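Enquirer: Next input, structure requested:
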Amino acid sequence: MNNKDVNQENKKRMFTIGYEVPGHSKDLICIRDGKSLMDADFLLIAPKQLYSLRSDSDYEAVSLFEKEIEDFLKYGKNIFVFLSEKVSYGEFDNYSFLPINMGALTSAKGERINFSGNSIFTEFYKAFKKSHLNYQLYVEKTDGSNPSEVIFTGTDQSKILGAVYKVEKGNIVTLPYLNHNYYKQFSGWTDDAQKFGDRLKGCLLSIDKQLSEKTEKTPTPEWSDQEEFSLTKAIEIEEEIQKNNHKIEELNLKNNELNKKLAKANGLKDLLFEQGTPLENAVINALNRLGYDAKNHRDGECEFDVLGSCPENYRFIGECEGKDKKAIEISKIRQLSDNLIQAYENKIVDEMPFGILFGNPERLNDPKKRTVDFTQQCKKVATINKIALVKTVDLFAVVKYLDENEDELFKQACRQAIFDGRGKQVKFPEIPAMTSRVFGFAP
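Expert: Numbering: from 1, shown residues only. As a prediction, the model looks like this:
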């Protein structure tokens, strides 16, 4: 590279959004200002705070920003994105501005970063790996996510911490977050801060240049598509590609249906680790497999997690509760007791139903390592009010067996166990020839 080329590279303009590069404060812009991104040669964005802008008053600014991001890439420019933690704002999150689907985004912090060895990023990695480079978010590929060239991963290589996504004529370059503890003083930036900022900008300039050189090919002019310039071999290849694309489309449709079936089949696993509505849905699904007629009940006045009946002609009301690290407490059983009275008073049921509390204690732990279930207070109130206590882990074990075996007698025995369990913790019948296959213990 001659001196003229070096000077042109150094004159390249960087805009930063959500991240102030020490010594380069003039490059920091706010998208509320409506400043055009096209004045920049490349962008550096840390998305953490971006979608605090999703108010009605910022609608125009956000719309312009998203449009200019797309135009920026169409023009062949590069956008660097420091992967800061994901923040959701209603239906949006702080990565919604990107015109690509990177995959599933998970906020998680760590420092162990594996580098692919891609020579374009070597300078950046060597400069910051020891003291500044960490991660706040990782990406996992999903169906429909954009293809990428992976540059950085966690120790689990399916967790992507940095990658290059080709978009239009430009690139979106995601990078692990770069932390620094430099703050602008009244007198300006310190020498160390300035050196850090200069080195960062220099690394980004180098990456930008090398990525641009890889794609500096003249776009195919429209006139070259005229029939007189057509190449027989190229036409044959295009036809083959079209056939393959059609097959891919058919396979994608089949996979979409299979994924729906897979999600439904795996829904029972929610009994092991979920809470709230997902746990309610899993409990209802499990009860219906046991032969109950169970559903949610919401009529504007009454809301019950589960309202059910069974072939033995009794009705019940159920409540579901999951706890991250603790036992199921008395508050939920108090709510269930109130619901039983409310259901009878409002004539939702003809006779007083009994209650079932479905609990998922220590839901984030391996079931084999859980040591608590329902608190003593909870058990005492259950005894007084004749409420059955069911651990959803136990419910999973019996329904897993029934998912793989048609056994009407076992279903009936499970329903009887729940009915006989009023006032105590339910103990399901032993699973036929399956005890060793479900967690290594019988419910």
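
Enquirer: neighbouring contacts of stretch 259-272?
Expert: 143, 278-279, 281-283, 285-286, 360, 363, 367, 392-393, 395-396, 399-400, 403 (C-beta atoms under 8 Å, 6 or more residues apart in numbering). No exception for glycine: its C-beta is placed from N, CA and C like everyone else's.

Enquirer: Quick check on these: which are buried?
Expert: 279, 281-283, 285-286, 360, 363, 367, 392-393, 395-396, 399-400 (16 or more other C-beta atoms under 10 Å).

Enquirer: ok, those residues vs residue 419, which is closest?
Expert: residue 395 (14.7 Å; C-beta to C-beta).

Enquirer: separation between the closest one and residue 414?
Expert: 9 Å (C-beta to C-beta, to the nearest Å).

Enquirer: Repeat that for residue 230.
Expert: On the measure of C-beta to C-beta, residue 230 and residue 414 end up 70 Å apart.

Enquirer: returning to that earlier point: now, among the buried ones among the contacts of stretch 259-272, which is nearest to residue 194?
Expert: residue 363 (49.9 Å).

Enquirer: Need phi/psi at the closest one.
Expert: Note on residue 363: its backbone torsions stand at phi -60, psi -20 [degrees, to the nearest 10].

Enquirer: For it, give me its contacts.
Expert: So residue 363 contacts 272-275, 322-324 (C-beta under 8 Å, 6+ apart).

Enquirer: filter these to the buried ones?
Expert: Buried among those (16+ other C-beta under 10 Å): 272-275, 322-323.

Enquirer: any idea of the pLDDT on residue 366?
Expert: At residue 366, the predicted lDDT confidence score is 93.

Enquirer: ok, which stretches of the stretch 1-150 of the chain are strands?
Expert: Per DSSP state E, counting those that start in this stretch, the stretch 1-150 of the chain carries strands over the ranges 14-17, 42-45, 78-82, 88-89, 92-93, 104-110, 114-115, 135-140, 149-153.

Enquirer: Redo the ones you listed as CSV? Include mean neighbour count.
Expert: Converted to CSV, the strands of the stretch 1-150 of the chain look like this (neighbours: other C-beta atoms under 10 Å):
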stretch, mean neighbour count
strand 14-17, 22
strand 42-45, 25
strand 78-82, 23
strand 88-89, 13
strand 92-93, 16
strand 104-110, 13
strand 114-115, 16
strand 135-140, 21
strand 149-153, 21
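
Enquirer: Do me a favour and get the end-to-end distance for stretch 173-186?
Expert: End-to-end distance for stretch 173-186: 34 Å, by C-alpha to C-alpha, to the nearest Å.

Enquirer: let me redo that: stretch 357-364
Expert: 19 Å.

Enquirer: quick revisit: dump the strands of the stretch 1-150 of the chain to CSV, plus distance to residue 226 and mean pLDDT.
Expert: CSV is the format used below for the strands of the stretch 1-150 of the chain (distance: least, C-beta to C-beta, whole Å; pLDDT from 0 to 100):
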stretch, distance to residue 226, mean pLDDT
strand 14-17, 41, 95
strand 42-45, 36, 97
strand 78-82, 33, 97
strand 88-89, 49, 78
strand 92-93, 45, 82
strand 104-110, 44, 94
strand 114-115, 47, 92
strand 135-140, 42, 95
strand 149-153, 34, 95
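
Enquirer: Quick check: which of these is nearest to residue 426?
Expert: So among the strands of the stretch 1-150 of the chain, strand 104-110 is nearest, using C-beta to C-beta, at 35.7 Å.

Enquirer: Alpha carbons of the closest one, as CSV, please.
Expert: What follows is strand 104-110 as a C-alpha-only set of coordinates in CSV (Å, rounded to 0.1, in the frame of the first residue of the first chain):
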residue,chain,number,x,y,z
ALA,A,104,-31.5,-17.4,18.9
LEU,A,105,-29.9,-14.7,21.1
THR,A,106,-29.1,-15.5,24.7
SER,A,107,-27.7,-13.0,27.3
ALA,A,108,-24.9,-14.6,29.2
LYS,A,109,-21.5,-13.2,30.5
GLY,A,110,-18.1,-14.8,30.3
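
Enquirer: Show me what it is packed against.
Expert: Judged by 3 or more C-beta pairs under 8 Å, 6 or more residues apart in numbering; DSSP states H and E, strand 104-110 is in contact with strand 135-140.

Enquirer: Now tell me what touches the strand it packs on from outside.
Expert: Taking C-beta under 8 Å, 6+ apart as the rule, strand 135-140 contacts 83-86, 102-111, 113, 154, 158-161, 163, 174, 176-177.

Enquirer: May I have that strand as CSV, with CA atoms only?
Expert: Output of strand 135-140 as CSV, limited to C-alpha atoms (Å, rounded to 0.1, in the frame of the first residue of the first chain):
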residue,chain,number,x,y,z
TYR,A,135,-19.0,-11.7,26.0
GLN,A,136,-22.4,-10.6,27.1
LEU,A,137,-24.5,-12.5,24.6
TYR,A,138,-24.1,-15.6,22.4
VAL,A,139,-25.9,-16.7,19.2
GLU,A,140,-27.2,-20.1,18.3
